[in-house]
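**Student:** sequence? don't have it. structure:
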Ligand SMILES: [Zn+2]
């Protein structure tokens, strides 16, 4: 069976059915970037508990479905606009960014491209450089071309090596510049809109597989946690080589984020069997007298 990595997915918002389907489809490892929850947080403690869940409970929960979970730590661009709170979050970041399994500072960048967003983006680039961690950039959905160019300009201004920076949410308008400047170009596959699997196939046909990464960015919105394996299947159908599929849907993400020193292929090769009787701080994923490792996975319908 082919192995896939989804290097951008917010599994905190996803269900156990999603986890089971992801594992069945061949996803062996995921990266969950710290981000916005859909409504603004009002206290620094909410960030702290969220970061704790990214390195704690969610990692455990993924492991119970046979998936290796990593995360990135950062202050998202939207919430950078609450400057008083953002200052407090900045103080937390070094503590969490240094934890095991944290593979980048992210997702950071611009949303409305305000002065406050610019300030906290720059501070976090300095932090990434200081900690020798890769950076995951969220490029803005509005005024994308200009925002993407600026995101990269500022990285270079702060002395970051483009090979340490993954620029995400690319499209046909941004990909060429990102690749030409030596950055990693990630693509979020949104079902029904924007960057779909069909368009991704065309991008790989045109630009090849070097430094191109496919992800789902699945979260609490309308999104698909199987975007990576589904896109890989479509690539195969359309005649893209197995090696290009392996690079864009597995290896490039590993190469990029392994630069953190926190992500190794051996983490998921030769896995130990999932033991559902395991607990984290006294809590397990079993509910209401369910038996550990019962044969529940057989009733999943293939996509
Ligand atoms: Zn995201």
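**Tutor:** It's in. Everything quoted here is computed from the prediction, not taken from an experiment.
**Student:** Is residue 252 within a helix or a strand, and which one?
**Tutor:** Using DSSP states H and E, residue 252 sits in helix 252-257.
**Student:** where does that helix sit relative to the chain's centre, distance-wise?
**Tutor:** Mean-position distance between helix 252-257 and its chain equals 11 Å (Cα atoms, centre = their mean, to the nearest Å).
**Student:** Check stretch 212-223 too.
**Tutor:** Centre to centre, stretch against its chain (Cα atoms, centre = their mean), the figure for stretch 212-223 is 8 Å.
**Student:** What of stretch 151-159?
**Tutor:** Mean-position distance between stretch 151-159 and its chain equals 21 Å (Cα atoms, centre = their mean).
**Student:** And for it, what's in contact with it?
**Tutor:** Stretch 151-159 is contacted by residues 109-110, 118, 121-122, 125-126, 129, 135, 137, 139, 162, 165, 167, 177-178, 181, 183 when judged by Cβ atoms under 8 Å, 6 or more residues apart in numbering. Heads up, the C-betas are built off the backbone N, CA and C, glycines and all.
**Student:** What is the three-state secondary structure of residue 29?
**Tutor:** strand (DSSP: H, G, I helix; E, B strand; the rest coil).
**Student:** Likewise for residue 185?
**Tutor:** Going by three-state DSSP: residue 185 is strand.
**Student:** wait, it sits on residue 177?
**Tutor:** No. Between residue 185 and residue 177 there is no contact under Cβ atoms under 8 Å: 9.2 Å.
**Student:** Could you list the low-pLDDT ranges of this structure?
**Tutor:** For the chain, residues meeting the criterion pLDDT under 70 lie at 193-195, 294-303.
**Student:** Return the residues of the protein in contact with the ion.
**Tutor:** Within the chain, the residues that sit near the ion (Cβ under 5 Å from the ion) are 35, 217.
**Student:** in this protein, which spans are helices?
**Tutor:** Under the criterion DSSP state H, the chain contains helices at 16-24, 44-55, 57-63, 83-97, 115-131, 144-157, 175-180, 197-207, 227-237, 242-246, 252-257.
**Student:** mind giving me CSV with those helices and columns for distance to residue 1 and mean neighbour count?
**Tutor:** Formatted as CSV, the helices of the chain follow (distance: least, Cβ to Cβ, whole Å; neighbours: other Cβ atoms under 10 Å):
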stretch, distance to residue 1, mean neighbour count
helix 16-24, 9, 18
helix 44-55, 28, 17
helix 57-63, 18, 19
helix 83-97, 34, 16
helix 115-131, 35, 18
helix 144-157, 35, 18
helix 175-180, 30, 17
helix 197-207, 20, 16
helix 227-237, 10, 22
helix 242-246, 13, 15
helix 252-257, 17, 22
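**Student:** could you dump these to TSV with distance to residue 292?
**Tutor:** Shown next, in TSV, are the helices of the chain (distance: least, Cβ to Cβ, whole Å):
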stretch	distance to residue 292
helix 16-24	14
helix 44-55	23
helix 57-63	14
helix 83-97	31
helix 115-131	38
helix 144-157	46
helix 175-180	46
helix 197-207	36
helix 227-237	27
helix 242-246	34
helix 252-257	31
